[in-house]
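Undergrad: what shape does this take:
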Amino acid sequence: MRQHQLAIQARSCPEILERILRVTRHRGFEICSMNMDQTMDGYNVNIELIVASQRPVNLLFSQLTKLVDVAGVKILQPKSQLIRA
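TA: Sure thing, here's the model as predicted:
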């Protein structure tokens, strides 16, 4: 499995994390690590995800950018580490 690191900027609302996690799971990605911080203005959140899958990360990227409350998604660095199951 390959790991990929994503940075997501989104509007702070109660359901945004649930939506992101649901899309991630439905696209066949496993979450290895997650960090979420609220911005100083309190209206936005920054979410950092490290996900793993055999599937291309662009499949997840394109679906996350379609979410209503997501302002931006960046693929920070592909990690080519192998994960042993």
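
Undergrad: quick one: the most centrally placed residue in the chain from Leu76, how far?
TA: Centroid-nearest residue in the chain, with CA atoms, centre = their mean: Leu49, separated by 4.6 Å. Using CB to CB, to the nearest Å, Leu49 is found at 10 Å from Leu76. From N, CA and C alone the C-beta is placed, and that goes for glycine too.

Undergrad: what's the mean pLDDT across the lengthiest helix in the chain?
TA: Ranked by residue count under DSSP state H, the longest helix found in the chain is helix 16-26. Mean pLDDT, helix 16-26: 96.

Undergrad: stretch 69-83 too?
TA: With pLDDT averaged residue by residue, stretch 69-83 scores 76.

Undergrad: change the start of the numbering to 492 and stick with it
TA: In the new numbering, first residue 492, that becomes stretch 560-574.

Undergrad: overlap in contacts, Leu540 and Leu567.
TA: 496-497 (CB atoms under 8 Å, 6 or more residues apart in numbering).

Undergrad: quick check: closest non-adjacent residue to the residue nearest to the centre of the chain.
TA: Leaving aside its chain neighbours, Leu540 sits nearest to Leu497 (4.6 Å; criterion: CB to CB, 6 or more residues apart in numbering).

Undergrad: ok, now Gln529?
TA: Closest residue to Gln529 apart from its sequence neighbours, by CB to CB, 6+ apart: Val536 at 5.4 Å.

Undergrad: next, the buried residues of the helix or strand where that neighbour lies.
TA: Element membership for Val536, per DSSP states H and E: strand 535-544. Applying a neighbour-count criterion of 16 or more other CB atoms under 10 Å, one finds 535-536, 538, 540-544 buried in strand 535-544.

Undergrad: follow-up on the earlier one: which outside residues touch the longest helix of the chain?
TA: Outside helix 507-517, the residues that touch it by CB under 8 Å, 6+ apart are 499, 501, 522, 527, 536, 538, 540, 542, 551, 554-555, 558, 560-561.

Undergrad: again with stretch 540-556
TA: By CB under 8 Å, 6+ apart, stretch 540-556 touches 492-497, 499, 511, 514-515, 517-525, 561, 563-564, 566, 569-570, 574.
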